[in-house]
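Asker: take this sequence and fold it.
(one chain, ligands or ions: 1)
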Amino acid sequence: MKAWQFRTYGPYSEVLEWSERALPSPQIGQCLVKTSAVSLNFPDLLVCQGKYQEKTPLPAVPGMEGVGTVYQAGQDSKFKIGDRVVGFCHGGGTLSEYFISNDDSTWLVPNHVTDIQAAALSVTYGTSYFGLFHRGNLKANETLLILGGAGGVGSAAIQLGKYAGSKVIAAAGNEAKLAICKKLGADHLINYTNDDMVSAVKNFTNGAGADVIYDPVGGELFEKTKRCAAWDSRLVIIGFTAGSIPKMETNRVLLKNMSLIGLAWGQYMKRRPKMVERCQEKLYGLLREGLIDPLIFDTLPFPRAIEGLKMIEQREVYGKVVLTI
Ligand SMILES: NC(=O)c1ccc[n+]([C@@H]2O[C@H](COP(=O)([O-])OP(=O)(O)OC[C@H]3O[C@@H](n4cnc5c(N)ncnc54)[C@H](OP(=O)(O)O)[C@@H]3O)[C@@H](O)[C@H]2O)c1
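Answerer: Reported below is the predicted structural model:
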């Protein structure tokens, strides 16, 4: 089979090559999936550089989620040959013509969900669902501030926040992205490149601040982000696309009666697989009812993966880039 592989860690554009790789065999509780669609995620950039939390032995393959049909089922696997499934591979592996998926992080794809939707739904909506509801305890009528609102997890958070009945303030780096956030349902918009995010949030909330803050950006912006928190609020840390990992003063946490909360969605697969499965079913239900709909920026054939990764790196993407075979 062919796969996007890297033999040493480095920038994706230097280390990735579309080359032959031995077809793997599924072990107990695993299946081998023949790939039809894979969505790209920001962490794919980190996986190639060896900077991601999970590492697989070199030569390795990036790609965290993939859709296809079960080609071989390992011993005791709950899946059978021909099942249409989506699989989540935490350290990577799906940017390949075939990939191995563990049963605990593999789900059947219902008929009403296309391959492209299924590929775009698991990581971003799974992360945002857990981040907003399980970790952030978001309730109807609360104010939700979302950073990177037009990105993968950000766009999913806007749709899920509106589904929950919250007032959504979407923040993004330029006007074109804010127009996308508005289309996704955001009630208020902030351009954090040009505007003062703190006074804008205070403006939209009668001085109170946001009840839940969903932050996949981190970096220097966090100096402002933490000041947008309301009394009794929850600030959910999702990621650090801006590059640096910010710090937080604990006196601020105390004085605001606020919670600083982390989310590492991938860990739920090993620790609480049933919860993830229920979330996956819930998301497919919301999709069927038209309450969510993954935003697809572009679909590209597999051999053009580098172009897709470049779009993510250069901050051009709205929603998701999906590769198809
Ligand atoms: N905690 C978890 O379980 C979990 C799960 C999945 C993803 N994540 C993390 O969530 C973050 C977002 O992932 P994603 O796949 O949604 O990424 P994405 O689609 O690329 O979106 C990220 C957004 O970050 C903003 N951004 C700000 N500074 C940036 C920079 N220097 N470079 C690139 N983007 C920048 C961009 O919006 P503007 O241009 O509008 O600023 C962009 O839309 C990543 O850090 C990822 O690792 C965490």
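
Asker: let me see the contact set for the residue nearest the centre of the chain.
Answerer: Geometric centre of the chain, nearest residue: residue 124, 2.8 Å, by C-alpha atoms, centre = their mean. Residue 124 is in contact with 41, 152-153, 155-156, 294, 320, counting by C-beta atoms under 8 Å, 6 or more residues apart in numbering. For the C-beta atoms, the positions are set from N, CA and C on the backbone; glycine is no exception.

Asker: in PyMOL, select just the buried ones from the residues you listed.
Answerer: Selection of the buried residues among the contacts of residue 124 in PyMOL, burial being defined by 16 or more other C-beta atoms under 10 Å:
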select buried, resi 41+152+153+155+156+294+320
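
Asker: out of the contacts of residue 124, which are close to the ligand?
Answerer: The overlap between the contacts of residue 124 and the neighbours of the ligand (C-beta under 6 Å from any ligand atom) comes to 41, 152-153.

Asker: which one of these is nearest to the ligand?
Answerer: Lowest distance from the ligand to these (C-beta to the nearest ligand atom) belongs to residue 152, with 2.9 Å.

Asker: from memory that closest one sits against residue 64, does it?
Answerer: No. Contact criterion C-beta atoms under 8 Å: residue 152 and residue 64 do not qualify, at 10.9 Å.

Asker: can you give the contact residues for the helix or strand bottoming out on mean pLDDT in the chain?
Answerer: Least confident helix or strand, the chain: helix 267-271 with a mean of 93, by mean pLDDT, DSSP states H and E. Helix 267-271 has contacts (C-beta under 8 Å, 6+ apart) with 88, 90, 102, 104-105, 130, 275-276.

Asker: and it, how far out from the chain middle?
Answerer: Centroid displacement of helix 267-271 relative to its chain, using C-alpha atoms, centre = their mean, to the nearest Å, is 16 Å.

Asker: next one: stretch 210-221
Answerer: 15 Å.

Asker: tell me the buried residues in that stretch?
Answerer: Neighbour-count burial for stretch 210-221, counted by 16+ other C-beta under 10 Å, picks out 210-219, 221.

Asker: coming back round to it: just name the closest of the ones next to the ligand among the contacts of residue 124 to residue 304, please.
Answerer: Lowest distance from residue 304 to these (C-beta to C-beta) belongs to residue 41, with 16.6 Å.
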